[in-house]
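Peer 1: curious how this folds, go ahead:
(one chain, ligands or ions: 2)
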Amino acid sequence: MMDSKYKQIFENSKEGLLVANKSGTIEMVNPQVVKLFGYQSKEELLGQKIEILIPHELRKHHVNHRDNYSKNPTSRSMGIGKNLSAVRKDGSSFPVEVSLSHFKENDELKVIAFIVDITERVKIEAEVLKLNTELEREVQFRTAEINAQNKLLRSIAENFPNGNIYVVNDNFIIEWADGSLIREMGLTDQSLIGLSFKNRLPEKDKNAIIIELEKLIAGQSIRYDLTDKNRHFTIHGVPLDLSLNANKRALLVELDVTSQRKAELEMQDNLNKEKELNEMKSRFVSMASHEFRTPLSTIISSATIIGKYPEATQQSQREKHIERIKRSVFNLTGILNDFLSLDKLESGAATFKNQPINLYDFTQELNEEFSAIKKENQTLITDFKFEFDTINCDPIILKNCCLNLLSNATKYSKDDDFIDFTMYTSKTEFLTQVKDYGIGIPKDEQKELFSRFFRAKNVTNIQGTGLGLNIVKRYVDLMGGSITFESEVNSGTTFTIRIPIANMLKPIE
Ligand code: ATP
Ligand code: MG
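Peer 2: Ligands and ions are numbered 1, 2, ... in the order given. Predicted coordinates:
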């Protein structure tokens, strides 16, 4: 029935081959089937129903399947998508894969089954499945772990106080970023990723920082301080050794240190002020000891001379020396007052003890005090006009300012010069002006005029410490006013103080 070529194939096939007739009776099996199903010889199978090879519980079903197949035979796998098992002679079962085909012999349908034992494959598949499941579980576990770590990292970074954290690659492209500053600026971490960190640097610092960044990629830690728009930042950088990844990366931490830096600067400033104050005091002491000498020797010589005029008729000589003594004492008190004022101003302890001042009385007092210090033949021309005759101010400070200007006017003009003294109040301002016709201030030195210890070159023989105008200016500033001047060498100088009247009509605190 089968020519020997096919017989050979049939007999030697590695697959189990079985031919059954329409009613399911086994008509042919090859040795592989005998072996697969644990029989001794094919005779044990021939003539048996095919169901002998099928697990007991499925046999009935199989008869139906078989009938259907016979009615509509095709070539196909059996039990697609099902795990088929077969039964050995000893009743044990094993997994199989079965393909069905058919042919006709003498007009009778024959079904041929190709049977492969897939025990090994199923075992391997099961193992693979088990491995896969384990692997998947491991992956899930790791992912959860990484997610938790990421979350932690993100939350650290997000809440990183006063700063930002960046991870950059070796081209300084931001791969990761977060921090309270970023959030403060209304940026999101995502909006920075992919941008160059260099773009975040202020233009003026860019090149210097880029040099630092290069070092970072070469494996060094770096630190850089920078100031941008009045804010101070420190950038710390550390190389990241992520050996898993061939690309080099770095961690950059940007900190806003503005408040610390401000505190530092303030401290430095205070220290400098302190130093300056000390320097000023010692400078003042050496100057004062020099400046004290002249008035003191005047006082001693005048006092000695007075002793030599005992007669009643010598009153006028005595008075001349008494005037000299008075002027010298005024000079000494002036120097001491200046020093005290300066000390108070420098240490921030200058306070205004405001009280109502009647300007008619006030100018009267100034006039009297001026007479004591003026040179003998100098004349004060006054011009007072008061829309408000009572103002609120510290009388000592205001007098100090006026007398400083008046004493300069007499000191720096000739014995018989006029001096104009103006004071007025209007709806808008308080103004006082002192004009002299004396030596004037050289143009090239005028810009220094209000600096401490400044004295112009043309005052060589005239006494002074160079503190008066500095003090006046600072007091006037504190009163919210201004001081200006005009001066021409050898023709005279005019100083003007203006203070908004509103500042002087305030009720007393
Ligand atoms: P003191 O501290 O005793 O007043 P001083 O008069 O030298 O000393 P300031 O009153 O501060 O100091 O004046 C500073 C300098 O300005 C003076 O040394 C002088 O060179 C110049 N100066 C001030 N007022 C006049 C003026 N009216 N005429 C010419 N020069 C003046
Ligand atoms: Mg002066």
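
Peer 1: drop to CA atoms for contacts and neighbour counts, all remaining ones
Peer 2: Noted.

Peer 1: around ligand 2, which positions in the stretch 301-450 of the chain sit nearby?
Peer 2: Contact residues, the stretch 301-450 of the chain versus ligand 2 (Cα under 5 Å from the ion): Asn408.

Peer 1: again, only using 6 Å
Peer 2: Residues of the stretch 301-450 of the chain lying near ligand 2 by Cα under 6 Å from the ion: 404, 408.

Peer 1: show me where the stretch 301-450 of the chain has helices.
Peer 2: 315-346, 359-373, 395-411 (DSSP state H, counting those that start in this stretch).

Peer 1: just how off-centre is the first one within its chain?
Peer 2: Once both centres are worked out by Cα atoms, centre = their mean, to the nearest Å, helix 315-346 turns out to sit 56 Å from its chain's centre.

Peer 1: ok, and for it, which residues are buried?
Peer 2: 318, 321-322, 324-332, 334-335, 338-339, 341-343, 345 (16 or more other Cα atoms under 10 Å).

Peer 1: picking that back up, any idea which of the helices of the stretch 301-450 of the chain gets closest to ligand 1?
Peer 2: helix 395-411 (4.2 Å; Cα to the nearest ligand atom).

Peer 1: hmm, the closest one touching ligand 1?
Peer 2: Yes. Judged by Cα under 6 Å from any ligand atom, helix 395-411 comes into contact with ligand 1 at 408-409.

Peer 1: hey, C-alpha coordinates of that helix in PDB?
Peer 2: Presented in PDB, the C-alpha positions along helix 395-411 are these (Å, rounded to 0.1, in the frame of the first residue of the first chain):
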ATOM      1  CA  PRO A 395      18.500 124.900  68.500                       C
ATOM      2  CA  ILE A 396      22.000 123.700  69.300                       C
ATOM      3  CA  ILE A 397      22.400 121.900  66.000                       C
ATOM      4  CA  LEU A 398      20.900 124.800  64.000                       C
ATOM      5  CA  LYS A 399      23.100 127.300  65.800                       C
ATOM      6  CA  ASN A 400      26.100 125.100  65.300                       C
ATOM      7  CA  CYS A 401      25.400 125.100  61.500                       C
ATOM      8  CA  CYS A 402      25.000 128.800  61.300                       C
ATOM      9  CA  LEU A 403      28.000 129.600  63.400                       C
ATOM     10  CA  ASN A 404      30.200 127.300  61.400                       C
ATOM     11  CA  LEU A 405      29.300 129.200  58.200                       C
ATOM     12  CA  LEU A 406      29.700 132.600  60.000                       C
ATOM     13  CA  SER A 407      33.100 131.600  61.500                       C
ATOM     14  CA  ASN A 408      34.300 130.500  58.100                       C
ATOM     15  CA  ALA A 409      33.200 133.900  56.700                       C
ATOM     16  CA  THR A 410      35.100 135.900  59.200                       C
ATOM     17  CA  LYS A 411      38.200 133.600  59.200                       C
END
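
Peer 1: could you list which of the buried residues of helix 315-346 also contact ligand 1?
Peer 2: Applying Cα under 6 Å from any ligand atom to the buried residues of helix 315-346, none is adjacent to ligand 1.

Peer 1: how about the helices in this protein?
Peer 2: Ranges of helices in the chain, per DSSP state H, are 4-12, 31-36, 59-71, 119-158, 180-184, 189-192, 203-217, 258-307, 315-346, 359-373, 395-411, 468-478.

Peer 1: what pairs with the longest strand along the chain, parallel or antiparallel?
Peer 2: Across the chain, the longest stretch assigned as strand under DSSP state E is strand 93-105. If you go by DSSP bridges, strand 93-105 pairs up with strand 76-77 (antiparallel), strand 84-87 (antiparallel), strand 108-117 (antiparallel).

Peer 1: kindly reformat these as a markdown table containing mean pLDDT, mean neighbour count and distance to Lys42.
Peer 2: As requested, those are exported to a markdown table (pLDDT from 0 to 100; neighbours: other Cα atoms under 10 Å; distance: least, Cα to Cα, whole Å):
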| stretch | mean pLDDT | mean neighbour count | distance to Lys42 |
| --- | --- | --- | --- |
| strand 76-77 | 79 | 14 | 24 |
| strand 84-87 | 92 | 20 | 16 |
| strand 108-117 | 92 | 20 | 15 |
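
Peer 1: partners of the residue positioned nearest the centre of the chain in the sheet?
Peer 2: In the chain, the centroid-proximal residue (Cα atoms, centre = their mean) is Asp256; its distance is 2.9 Å. Judged by DSSP bridges, the bridge partners of Asp256 are Phe233.

Peer 1: wait, what's in contact with it?
Peer 2: Neighbouring residues of Asp256 by Cα atoms under 8 Å, 6 or more residues apart in numbering: 162-163, 231-234.

Peer 1: mind giving me the domain split of the chain?
Peer 2: According to automatic domain parsing, the chain is divided into the following domains: 4-117, 160-256, 263-346, 351-509.

Peer 1: so where's the stretch 301-450 of the chain uncertain?
Peer 2: Applying pLDDT under 70 to the stretch 301-450 of the chain flags no residue at all.

Peer 1: in it, which residue sits nearest ligand 2?
Peer 2: Asn408 (4.6 Å; Cα to the ion).

Peer 1: list the contacts for the residue of the chain most remote from its centre?
Peer 2: Going by Cα atoms, centre = their mean, the residue of the chain most distant from its centre is Asn106, 96.6 Å out. By Cα under 8 Å, 6+ apart, Asn106 lies in contact with nothing.

Peer 1: can you start the count at 50 instead of 1 from here on
Peer 2: Let's use 50 as the start, then, which means that last one is Asn155.

Peer 1: hmm, Pro122 is touching His151, no?
Peer 2: Yes. Applying Cα atoms under 8 Å, one finds Pro122 in contact with His151, separated by 6.8 Å.

Peer 1: looking at those two, which is more packed in?
Peer 2: For Pro122 and His151, the more surrounded residue by other Cα atoms under 10 Å is His151, and the numbers stand at 20 against 17.

Peer 1: residues in the stretch 400-549 of the chain within reach of ligand 1, list them.
Peer 2: 457-458, 461, 488-490, 498, 503-505, 508, 513-519, 542.

Peer 1: can you select the buried ones from the contacts of Asp305 in PyMOL?
Peer 2: Listed next is the PyMOL selection for buried residues among the contacts of Asp305, using 16+ other Cα under 10 Å:
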select buried, resi 211+212+281+282+283
